[in-house]
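*Asks:* one predicted model, sequence on top.
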Amino acid sequence: MNEKNLISLQTLCTHYSIEISFVDALNKMGLIQIEIIEQNQFIHQDQISVLEKIIRLHNELNVNLEGIDVVLNLLEKERALRDELNSLKNKLRLYEND
């Protein structure tokens, strides 16, 4: 993995004013993945948006970790259903144009 795309966990925790234990708990639940390189913890930059969403849910709405897991799963299912609906609409348009 390219180390340029990794962000130090310590830097993220300082920037977002969160505890490392909070991020460790997210990692244990499988909500984010922590990379360990030479005893330093990193998060891939692609996961920053998920982490920000989790932090907002936790801090602004007081949702606990289990609730965050449920919310993220429901959002993923909603996205998959929306994609499937768009696909079906496109197929239907093919038949309507005949």
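*Replies:* Received it, and whenever you're ready, just let me know what you need. For clarity, every value in this text was computed on a predicted model and none was experimentally measured.
*Asks:* in the helix or strand harbouring Glu66, what counts as buried?
*Replies:* Applying DSSP states H and E as the criterion places Glu66 in helix 65-96. Neighbour-count burial for helix 65-96 flags Leu65, Ile68, Asp69, Leu72 (criterion: 16 or more other CB atoms under 10 Å). Heads up, the C-betas are built off the backbone N, CA and C, glycines and all.
*Asks:* surely the first one meets Met29?
*Replies:* Put plainly, it is Leu65. Yes: with contacts counted by CB atoms under 8 Å, Leu65 reaches Met29, the gap being 6.0 Å.
*Asks:* between the buried residues of helix 65-96, which sits nearest His15?
*Replies:* Nearest to His15 among those, counting by CB to CB, is Ile68 at 19.5 Å.
*Asks:* quick one: low-confidence residue ranges for this protein.
*Replies:* Across the chain, the ranges flagged by pLDDT under 70 are 1-3, 98.
*Asks:* give me the most central residue, it.
*Replies:* Residue closest to the mean C-alpha point of the chain, counted by CA atoms, centre = their mean, is Val50 at 2.7 Å.
*Asks:* distance of the closest residue to that residue other than its chain neighbours relative to Gln45?
*Replies:* Once flanking residues are discounted, Val50 sits nearest to Ile32: 6.1 Å by CB to CB, 6 or more residues apart in numbering. Distance from Ile32 to Gln45, counting by CB to CB, to the nearest Å: 12 Å.
*Asks:* do Ser87 as well
*Replies:* Distance from Ser87 to Gln45, by CB to CB: 29 Å.
*Asks:* ditto for Asn5
*Replies:* 5 Å.
*Asks:* again with Ile54
*Replies:* To Gln45, Ile54 is 16 Å away according to CB to CB.
*Asks:* neighbour count for these two, which is higher?
*Replies:* Ile54 (23 against 12; other CB atoms under 10 Å).
*Asks:* I figured that one was touching Met29, is that so?
*Replies:* No: between Ile54 and Met29 there is no contact under CB under 8 Å: 10.0 Å.
*Asks:* if you skip the residues just before and after it, what's nearest to Asp46?
*Replies:* Asn5 (7.4 Å).
*Asks:* what of Lys53?
*Replies:* Excluding the flanking residues, the one nearest Lys53 by CB to CB, 6+ apart is Leu72, at 7.5 Å.
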